[in-house]
Each structure stands twice: as C-alpha cells, then as structure tokens.
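Q: Structure for this input, please:
(chains A and B)
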Protein chains: 2
Amino acid sequence: MNAKQLKSYIDAAKPRFEEMLAELVETPSISADPQYSGDVHRSAKLAAQFFKLLGAKVRIIQTGGYPVVSGGWTIDSRFPTVTIYNHLDVQPAQELQWRHSPFSFRKNGDIYYGRGTTDDKGPAITALLSAQYAAEAGLPINVQFLWECEEEIGSPNFGDAFKQKGLIPKPNSVLVSDTIWISRTRPGIPYGLRGMLGARLCLQTGQNDVHSGVTGGAARNPLAELCAVAAACADARTGRVKIPGFYNAVIPPSRSELQGFLASEFRVTHFKKTHGLRAILTEDPADLLKRIWARPTFEVHGLLGGYTGPGIKTVIPGQAELKVSMRLVPDQKPQQILKLLRDFVAKINPSVRVQGEGMLHPYKSSITSQYANAVREALKEGFGKNPVFIREGGSIGAIPKLAKQWNVPIVFLGLSLPEHGYHAPNEQFDWGQAKGGMRAFVSYFSKLANMS
Amino acid sequence: MNAKQLKSYIDAAKPRFEEMLAELVETPSISADPQYSGDVHRSAKLAAQFFKLLGAKVRIIQTGGYPVVSGGWTIDSRFPTVTIYNHLDVQPAQELQWRHSPFSFRKNGDIYYGRGTTDDKGPAITALLSAQYAAEAGLPINVQFLWECEEEIGSPNFGDAFKQKGLIPKPNSVLVSDTIWISRTRPGIPYGLRGMLGARLCLQTGQNDVHSGVTGGAARNPLAELCAVAAACADARTGRVKIPGFYNAVIPPSRSELQGFLASEFRVTHFKKTHGLRAILTEDPADLLKRIWARPTFEVHGLLGGYTGPGIKTVIPGQAELKVSMRLVPDQKPQQILKLLRDFVAKINPSVRVQGEGMLHPYKSSITSQYANAVREALKEGFGKNPVFIREGGSIGAIPKLAKQWNVPIVFLGLSLPEHGYHAPNEQFDWGQAKGGMRAFVSYFSKLANMS
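A: Okay, the predicted model is just below:
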C-alpha cells in the first residue's frame, strides 16, 4: 500500500464523497413508511449509478419488498472476495428537535447533517470509494457490496435476493459497516448484536369511539387494558421482563467479556449526555454495559388509539394498538420468545391479538479469528488508535441471515460515533471518520489480499 | 291551557323551527377547536337574532372565553321566573362514519340530521318556541334562557357571566334541557349528573427520542412507566379504581333509586348495539346502570409520545403524556380526588407530573320536590307516556355552578333519544320529540304558574 498515493486519492475523493452523500441524503428512503416507497426505490437506482460512475459492475435485485443493490469489482476469480454490507434505507425523521429539514443535506465545515448521514449512507459511500481505490491500485482482492433497503424494518425480504442462484457471488468473508464506536478516541469492533422481536398488541372492544360519560363504567377501555398488559410484561422501573421463561436461554457474558466491555472507554456520564438521558436505570458502568449489550429488554414504543391532541377529550376508543419490541441476546430465539409472549398475553387478557412484527436473531462472532485481527489492525492504521472488542445493543437483521446463507466469517468495521445521533434528530457524519475509514478499509483489503 | 290553540301554534311553528335549526346547525360552533372560534361567536349572535325575532329581550354576555346568551320574556316581576339552560356549542365531527357533511342540515321526513341537532340546538329551539307561546298566550310566568357556548369543554368561563351584578335575572327555579331518555317509549328525567376530573400525567426522562438498541436496558422508558401508572390507578378488566381513598365519599344509590333505574326500559343488548360495544364489563342491567350513573370511573384517553404510525419504530421517547379522566359521583369532590391522585402517583412514580385538566362537580337533585313532580306530569302530558327518574353518566359543567350561584331548585326536561347519536356520527333530532317537547314545556310553564 502506497501511503502517499492513498492520501492523494482520499483528498481528491472528498468532493465526490460529499456530492454522493448529499444526493443520497436528499432521497428520503424511509423503509418504515409506505408513503416513501418511491424514494426507497430511487435510492437503490441512485446507488447503482454511483457504482457505474466509479467503474464497478452493479445489479439491482428485486425482492418481495425493497430491492438489494449488489455490485463491485471482481478483478480475478483467484483473488479472495470480501462482501461489504451496508444499507440505504433510513429511519423516519419526524422529531421536533431537527434544526433544519432532515432530508436537505447541510455541511458545516467537515460535519455533514441529515437523516442517514451516519446510518448508513456515509459509511456506505466511504466503503465504496475505498474499494474503487483498491481496484485502481491493483490490490489482489475482489470487493463486492450488498446494499439493502430494508435494514431499518428488520430486513424481512433480504433472503429473497439469494433465491435466484448465482446472482450474488459468494465471498470468502463478510465485512459489515453499520456500527457505532463507544468514543471518538477508541475504535470499537462489535462482535455481537442483539436480536429483536417486534409485536403489535391489538385490542378491539367496540365499533366506534364512545363517550366516557354515557358509557364509562360499562364500556371496556382498550387503552387501559393494553397499559395493564404492558405493565404485566415488564417492570418499567427496573427493566426486568416478567414474561415467564423469557430469560431461560440467555447466556450471561463471561468475566473476560465484561472486562473487555469496561476497556472500551465507556463513561456513564458521557453516555447520558450523548443520548440526552436525564436519569437511567443503573449508574454502574459494568451493569449498564451488560444491560445494553448482553441482556434482553422489553420496550413500549407507542400506544395508538384515543385522543392525543391538546388537553383532554373524554373518549373511549373502540380499538387500540400497543407497539412493543424486545431486544434479544444469544441464545434467545425470536420464534420461541414470540410464543412465550403470546401464551402470556392470552393468559392475562385473551381478547388481545398479538401480531409479530419483525424477527431478528441475535448474533455473536469470534474475536480471535484472523479476520477479527485484521479489522483491529486496520482500524489502528486508519485512525492511529487501539480498538477494543465490544458488542452492539442494536440489531442488523441481515447479518444472521448472511451467516446462515454463506457460513463464512463475518466481521464488523463501523465508523459511526455516539455523537453522530443514530436514529436521532440532527443526525450527522464527519469527514474525519470518512477519511480514517477509507484508510482502514484499504488497510483491511491489503491484509485480506495477503491472508491466504 | 287551550289544547287546540297550542296545537295550531305548534303546527304553524314547524317551518320556523326547521329554519332556525338549519341555520344553527350550519354554524359549526365547535368549542373544543380554536379554528372554529368565529363560528362559536356567530352562533351566539344568530341565537340573539332568534330571540329578537320572536319578541324576546336578549343580551350577549362576554366572558373570559365564549359568550353566554341571556334573554327571554319578563311579563311581570310578580310572576314566577324559570330559567331554561341549553348550550349552543357542539362536539367536533371528524368521525369517518358521517354519511353527509355534518354541518350541512339535512331533512328526511320528520328527521333532522347534522352535528348539534340533538345536542343541544334542537331542544334549545323547542324550548324557545314554547316560551314564545307562553308569552303570547298570556301565561302568568316569566321564561328566561341561558344559552352557553362552552358546555362541550366543561364550561370553564361560565361563572364569569355572573360577575357583573344584575345582568342575569335570578329565577325561582332552573330547567335544564340537555339530556337523553333511555328509550323512545319511556321519557327519562335525570336527577343526577356525574362530575369529572381530567388530568395529564407527564413524564420526561430525556431530551430526545433514543434508540432501543443503543440505549435499551439503561434508558428509562416513559411510555412503559406511564402504562404502569395507569395500571396501578385502576383495574381495566373490572373498572375498579385502585387509588387509595378514591371511593371514600361515594354515596351508593338506594334500593329505591336502583328500582327506578330498572324501570327506565333500559336494555343491555340495546345499549351495546347503540354504542357499538362488542363486550362490556357487566351484562347485568342493575349493575350496569349503577356503573354508568352512580359509580365513579378512571379512564385512559390516550398516551402521547413515541411512535404510532404503521408497523413499529423501536424508539424510546424522551417524554410522554398519559391523558386520563375520572367521572365522579356525589359526594366526591374533584379537588380532593385530584389530591388523592397526586399523592398516589407521587408514591408510585415520583418523576411523573400530574396536571389537573378540567374539574366538574357531580350533581344530584330531589325527585320528590314539586318541581320534579311538575316535570313528570308535564312530560306525561307532552308525550302520553309515564316518565321515570334516572341519572346521567355524563356531566354538565354549568349545573353545579348554577346551583351554587342561585341555590334554587334545578330540574331536567330533556328531549334527546339514544338513537339520536349524542356526540356520534349522523347525529339527528326529530319533529316528534320537538312537538311533544313543546307540549311538555308549555304544560310545565302552566304548572309553575299555578304553583305558589
């Protein structure tokens, strides 16, 4: 690897990086909201244009939902192939705290603002430009990409892309770039992801909204009944899940894993500040990291129904829907947890219909493989800082699916920082992370090329 | 009273009744929605024009909110004075089930459709025309009216109208025409109203929405915590309120009151059908009537915060607000109940802020007074059917205020039927109830005139 050549490539790539990021951010590819389905499809087409512009081959693979963009540079079939996973879809952006329109790209010095800048459009373009460099520099490696458009909704149709044999080349390893460090000064390499199970708990007790004066005392109140179900499922003041059997399959983290967690430069005060949390369920760092990375949760995300405007309207709605999800850890199985939830809800309130909504398996990989070592060294070279192995509390639905599909090593090279505001208002990415990221990717490609 | 003369007056009054009702219905006087404030004021001006047109004196009295229309016929100060209470404001009409525009008046035979036809514009005009007849026929009685424009929002400024001394003449008794029978074949005379206490329970745990993967397990979830508070305040499956001391002041209905309830021709199946209820908390008629008329309630009306769009978004919001209200019965006092709620919530979750939102005292009057007897006989004469004494589960904020202001007997002569759809889509009134109502009002005036 020629450091000088790479530096001048990166410097020259900056305007192109910013243009591509702007175009992608201004395509509001919200996979959760059907109103934006045109934009999700447009984001895939835009990505395909980028691949072609950079000299890569590309194909948009249709699924039962949103497409998958598959492309890259296959230089020689005798070279090792790495497939980099990113996603093009983004979270909704209705938060009132946005200081400017979330889907208009803004640049302030080397900071880039807009929904999707850090999750995951910025890292995706960083990886793509790094691969173009590798191809131009003649590194003996094939870099392929899989960019999906349903990550934020749990990748329900991702598996479809593999149904037509031969469309997506099988690599020797997978690199995932969709994760967050703990601190700007300490690159974090996740080796575990939580899984997820979403559910909508629906209850219909009447045809219409009724009046609490005329019918109150006789009419069932589906909002109140669903509040009771939520309270029965988990103790909100401690986080303890009360669904019988919920914790049975949980493997607690080992002492050495916990020691690794604590080496991540995680600071409770910083965590609270970054996420704007006034009070949290524990102030102990080891307990906190265990809770967010290695323990399952039960969360209420919203209660649909009734009246939520200004003041109060004394309505008893005919129906209501409680939106919940559970983060799962190895070896919890989403199907089994859904059954436990169904059984429990059926017992405490048989009128409530439990509708599973997204299932993601938890994932855990090796931290001692040569791939894990290569990522560690590449990040050190890219950023000049010693990385640590951590876990992620979030889920990437495609990863357990890729693991099952290909059975090849999967490692993580993420570039996002806590202050970038994953899923939050005023989401941002920065050129520092893109630049260091390009150096790290190219370093990783070199190590892969020399591996076998 | 000359029956023939009254009959020809009523027959002649029909077109005028329909014109006035149409004009009022087509003035969308929604007090809950600030967008319609111009229409609420217009409805008061329109009413004042009606008074003048019929030869009555009238005055629009401004308050800190919407005005009160005060007017009528004072024939001779030696005659007894009765003040009839109605309201001009209406509920919002956003229900999808409306078969035509709720604010365009429609007539189908003797049925009149539109928001406000039965609650309370139809009964108001019925009473007004009856009073004109009494004045023209020379009955020795003064009939005054108080038409307010804030009933549907709990009459927060109604008391203001009495601040300027002498503007509103003090009567010897009050007649309220804003209530519903149980069945078309059995006129119902309410003698009790439930009170109400609204509250917003607010909880802020963070600055922003955060991500359940990144922070879940450590972040407090205000939605889940408020669900737990709701579940602790009342058992949704039984309706039992669990706030300590909540039932202390409740006076249970007597056996003879309960027997009166059961004589009202109330049918559980009809109640369920009318309100579109699939399942209810009790199928026993006596228990049901006790619950809706003579027992207090705790209802959840909505939970604001998080995500309520399609599917699921795994967000933990920084704040949430639970909207609740309690219907109260004699002798519960809203201020005391608010204190009990505050104390209980402070104990189970000290971070939750309880914001009182509207207070209406419950009300109960005599069923053996000469006024109550006069209403019973008047309704029997007007409709040819034996009335029964019942209660109302709803609240009319102005009534306890009038009781306190004047300390005179207050009785109820309502004309609405369950099938008229109070607060519901396709609200209607009918000429049969207006015609019988005019006979009943005039009969009541005669009895008052002969009373002392």
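Q: near chain B, anything from stretch A:161-177?
A: No - contact of stretch A:161-177 with chain B (CB under 8 Å from any CB of the partner chain) is absent, the minimum separation being 14.4 Å. C-beta here means a position set from N, CA and C on the backbone, and glycine is covered the same way.
Q: got any ranges where chain A has weak pLDDT?
A: A:1, A:452 (pLDDT under 70).
Q: Contact partners for the closest residue to residue A:149 other than its chain neighbours?
A: Spatial nearest neighbour of residue A:149, chain neighbours left out: residue A:66 (3.7 Å); criterion: CB to CB, 6 or more residues apart in numbering or on different chains. Contacts for residue A:66 were tallied using CB atoms under 8 Å, 6 or more residues apart in numbering or on different chains; they are A:31, A:37, A:40-41, A:44, A:89, A:148-150, A:157.
Q: Which helix in chain A has the most residues?
A: Secondary structure of chain A per DSSP state H: the longest helix is helix A:3-25.
Q: With respect to chain B, which of the contacts of residue A:66 is nearest?
A: residue A:31 (9.5 Å; CB to the nearest CB).
Q: any chance you could map the strands in the stretch 1-150 of chain A?
A: Listed in chain order, the strands of the stretch 1-150 of chain A (DSSP state E, counting those that start in this stretch) span A:57-61, A:68-73, A:81-87, A:106-108, A:111-113, A:142-148.
Q: closest one to residue B:207 among these?
A: The closest approach between residue B:207 and any of those, judged by CB to CB, belongs to strand A:111-113 at 17.7 Å.
Q: so what strands line up beside that closest one?
A: Sheet pairing of strand A:111-113 (DSSP bridges) gives strand A:106-108 (antiparallel), strand A:428-430 (antiparallel).
Q: Can I get these in TSV including mean neighbour count?
A: Listed next are the strands paired with strand A:111-113 as TSV, based on neighbours: other CB atoms under 10 Å in any protein chain shown:
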stretch	mean neighbour count
strand A:106-108	13
strand A:428-430	24
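Q: Provide the secondary structure category for the residue positioned nearest the centre of chain A.
A: Per CA atoms, centre = their mean, the C-alpha nearest to the average position across chain A is that of residue A:396, at 4.9 Å. Three-state call for residue A:396 (DSSP: H, G, I helix; E, B strand; the rest coil): coil.
Q: got the phi/psi numbers for it?
A: Main-chain dihedrals, residue A:396, degrees, to the nearest 10: phi -130, psi 100.
Q: OK, contacts around it?
A: Residues counted as contacts of residue A:396 (CB under 8 Å, 6+ apart) are A:85, A:151, A:155, A:176, A:178-179, A:193, A:360, A:363.
Q: Find the nearest non-adjacent residue to residue A:320, please.
A: Closest to residue A:320 by CB to CB, 6+ apart is residue A:305, at 3.2 Å.
Q: Next up, phi/psi of the one you found, please.
A: Dihedral pair for residue A:305: phi 130, psi 160, per degrees, to the nearest 10.
Q: from the chain's centre, how far out does the helix or strand where residue A:324 lies sit?
A: Using DSSP states H and E, residue A:324 falls within strand A:319-328. Distance of strand A:319-328 from its chain centroid, counting by CA atoms, centre = their mean, to the nearest Å, is 19 Å.
Q: Show the subsequent helix or strand relative to it.
A: Taking DSSP H and E, what comes next after strand A:319-328 is helix A:334-348.
Q: In whichever helix or strand comes after that next one, which of the residues would be classed as buried?
A: Using DSSP H and E, the helix or strand that follows helix A:334-348 in sequence is strand A:353-360. The neighbour-count check on strand A:353-360 (16 or more other CB atoms under 10 Å in any protein chain shown) flags A:354, A:356-360 as buried.
Q: now do stretch A:384-392
A: The neighbour-count check on stretch A:384-392 (16+ other CB under 10 Å) flags A:385, A:387-392 as buried.
Q: ok, now stretch A:79-92?
A: Residues A:79-92 are the ones in stretch A:79-92 that count as buried (16+ other CB under 10 Å).
Q: what residues are up against the closest residue to residue A:261 other than its chain neighbours?
A: Closest residue to residue A:261 apart from its sequence neighbours, by CB to CB, 6+ apart: residue A:289 at 4.2 Å. By CB under 8 Å, 6+ apart, the residues touching residue A:289 are A:258, A:261-262, A:264, A:266.
Q: Out of the strands of the stretch 1-150 of chain A, flag the one nearest residue A:251.
A: Nearest to residue A:251, of the strands of the stretch 1-150 of chain A and by CB to CB, is strand A:81-87 at 24.9 Å.
Q: Each with direction, which strands does that closest one pair with?
A: When sheet partners are counted by DSSP bridges, strand A:81-87 sits next to strand A:142-148 (parallel), strand A:173-176 (parallel).
Q: Save these as TSV, and put in mean neighbour count too.
A: Formatted as TSV, these follow (neighbours: other CB under 10 Å):
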stretch	mean neighbour count
strand A:142-148	26
strand A:173-176	24
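Q: Chain B: which of the buried residues of stretch A:384-392 is nearest?
A: Nearest to chain B among the buried residues of stretch A:384-392 is residue A:392, at 7.1 Å by CB to the nearest CB.
Q: Check the gap between the nearest residue to the closest one once chain neighbours are set aside and residue A:409 for me.
A: Leaving aside its sequence neighbours, residue A:392 sits nearest to residue A:190 (CB to CB, 6+ apart; 4.3 Å). Here residue A:190 is placed at a distance of 14 Å from residue A:409 (CB to CB, to the nearest Å).
Q: ok, the two, which is more surrounded?
A: residue A:190 (26 against 19; other CB atoms under 10 Å in any protein chain shown).
Q: Wait, that one touches residue A:181, no?
A: No - using CB atoms under 8 Å, residue A:190 is not in contact with residue A:181, being 9.5 Å away.
Q: Name the residues contacting each of those two.
A: With CB under 8 Å, 6+ apart as the test, residue A:190 and residue A:181 both reach residue A:414.
Q: and chain A, what are its domains?
A: Chain A breaks down into these domains under automatic domain parsing: A:3-193+A:362-449, A:198-250+A:296-357.
Q: If you tally nearby residues, what's the number for residue A:74?
A: Neighbour count for residue A:74, taken as other CB under 10 Å: 16.
Q: In three-state terms, label the residue nearest to residue A:394 when sequence neighbours are not counted for me.
A: Nearest residue to residue A:394, sequence neighbours excluded (CB to CB, 6+ apart): residue B:213, at 2.6 Å. Following three-state DSSP, the label given to residue B:213 is coil.
Q: Which residues are in contact with residue B:213?
A: The contact partners of residue B:213, by CB under 8 Å, 6+ apart, come to A:194, A:196, A:327, A:392-395, B:314.
Q: which among those residues gets closest to residue A:169?
A: Closest approach between the contacts of residue B:213 and residue A:169, by CB to CB: residue A:395, at 25.9 Å.
Q: Look up how far residue A:198 lies from that closest one.
A: According to CB to CB, residue A:395 stands 10 Å off from residue A:198.
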